[in-house]
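Asker: Starting from these lines, generate the structure:
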Amino acid sequence: MSQIVLADTSCLILLRKIEELHLLHLLFNEIIITQEVANEYRYDLPKWVCIQSKQKKQYPLESILDRGEASSIAKAIDINADLIIIDELKARKVAKELGLKVTGTLGLFIMAKNKKLISSIKPLIEKIKKTNFRISERLVSEALRLANEV
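Answerer: Below is the predicted model of the structure:
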């Protein structure tokens, strides 16, 4: 049975920047995004990324999160998603408080390693460090520990 997985914009942009967008497809076969995320992403999307229309119920999240994050969380609740991929800390906290299972891009790397799709997460983290994406050393250390690469 395939999982219902939603992604926020930052994950898509970051994976595109480091030329690893295909990892999403390898891990989940299909990724769902909202129109707001597609608008923020601004690049052509692979065929395995599905844009779904607005959720049935409205959630007042845009007052505390950006549109992409708010729409992703609302859609994840609406379709009872198995996982939502969000990197921004505040949005992750909100999603968890609303009962969603959350991971970030580094969590995807760990999943990919555990499924033997990649042999190490270190080279991917090094690629991230060459971008303008902010990542704390504490988070890097924790990811390396979880991936058994310390």
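
Asker: For residue 33, the count of nearby residues, please.
Answerer: 27 (other Cβ atoms under 10 Å). Where C-beta positions appear, they are placed from N, C-alpha and C, glycine not excepted.

Asker: my guess is it meets residue 5, correct?
Answerer: No - Residue 33 is beyond contact range of residue 5, at 9.9 Å (criterion: Cβ atoms under 8 Å).

Asker: Could you verify my assumption that residue 43 touches residue 16?
Answerer: Yes - counting by Cβ under 8 Å, residue 43 touches residue 16, with 6.4 Å between them.

Asker: anything in contact with each of those two?
Answerer: Taking Cβ atoms under 8 Å, 6 or more residues apart in numbering as the contact rule, residue 43 and residue 16 touch no residue in common.

Asker: Now do the same contact list for the residue nearest the centre of the chain.
Answerer: Nearest residue to the geometric centre of the chain (Cα atoms, centre = their mean): residue 85, 2.6 Å. Counting by Cβ under 8 Å, 6+ apart, residue 85 makes contact with 5-8, 11, 24, 31, 102-105, 107-108.

Asker: can you rerun that using 6 Å?
Answerer: Contact analysis of residue 85 by Cβ atoms under 6 Å, 6 or more residues apart in numbering lists 7, 11, 103.

Asker: could the residues you listed go into TSV alongside neighbour count, pLDDT and distance to residue 50?
Answerer: Shown next, in TSV, are those (neighbours: other Cβ atoms under 10 Å; pLDDT from 0 to 100; distance: Cβ to Cβ, whole Å):
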residue	neighbour count	pLDDT	distance to residue 50
7	26	96	10
11	26	95	15
103	18	97	19
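
Asker: The residue nearest to the centre of the chain and residue 150, how far apart?
Answerer: 24 Å (Cβ to Cβ, to the nearest Å).
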